[in-house]
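with the input below, show me the fold.
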Amino acid sequence: MSTYAAAVVVASNRAAAGVYDDTTGPLIVEALRADGWDVGDPVVVPDGDAVGAAISAAVSDGARAVLTTGGTGLTPTDLTPEVTRALLDREVPGIADAIRAHGVGKGVATAALSRGVAGTVGSALVVNLPGSRGGVKDGLAVVVPLLRHAVEQIEGSDH
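The predicted structure follows:
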């Protein structure tokens, strides 16, 4: 099994400003490492353009998977889907739909409010996860089992 590089981007104005420590990024890092990914510490940035810059930097640095957390809701500063979509070469809507459906299926009606997107940027898969710990856990339950296969597909391997 190949080891791929991954990156985690946390979109949070308050965590980026040091108001509190982010707890969602480490959850994602732990799950990716447990699945055999080479991933460093989460990058915490404010909502908006900084998220797009962090995604682009991760892809430029060789990440084959970039998972974001936060900025997918309905508040005026929640811009992660917009900045992510602007970077995408191809959208993979089934991933974001499955994340929302998983949460709703577990009885979390507010999972339907997540506007996260997923798709390819170059040879990387980028997936937006919600900003709550529960939303991250639900998202990881969907994403981790398919992530390696998706990345292999992006590089053109047989399926």
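
remind me, longest helix of this structure?
When the chain is parsed with DSSP state H, its longest helix is helix 133-154.

now it: buried residues?
By 16 or more other Cβ atoms under 10 Å, the buried positions in helix 133-154 come out as 135-140, 142-144, 146-148, 150-151, 154. For glycine as for every other residue, the C-beta is placed from the backbone atoms N, C-alpha and C.

output the lowest mean pLDDT helix or strand found in the chain.
The helix or strand of the chain with the poorest confidence is helix 13-16; it has a mean of 94 (mean pLDDT, DSSP states H and E).

list the buried residues of the helix or strand just after that helix.
The helix or strand immediately downstream of helix 13-16 is helix 24-34, counting by DSSP states H and E. Residues of helix 24-34 classed as buried: 24-25, 27-29, 31-32 (neighbour count, 16+ other Cβ under 10 Å).

by contact count, what packs against helix 24-34?
strand 5-11, strand 38-39, strand 65-69, helix 133-154 (3 or more Cβ pairs under 8 Å, 6 or more residues apart in numbering; DSSP states H and E).

quick one: contacts of it?
Contacting residues not belonging to helix 24-34 are listed as 6, 8, 10, 39-44, 65, 67, 69-70, 129, 131-133, 136-137, 140, 144 [Cβ atoms under 8 Å, 6 or more residues apart in numbering].
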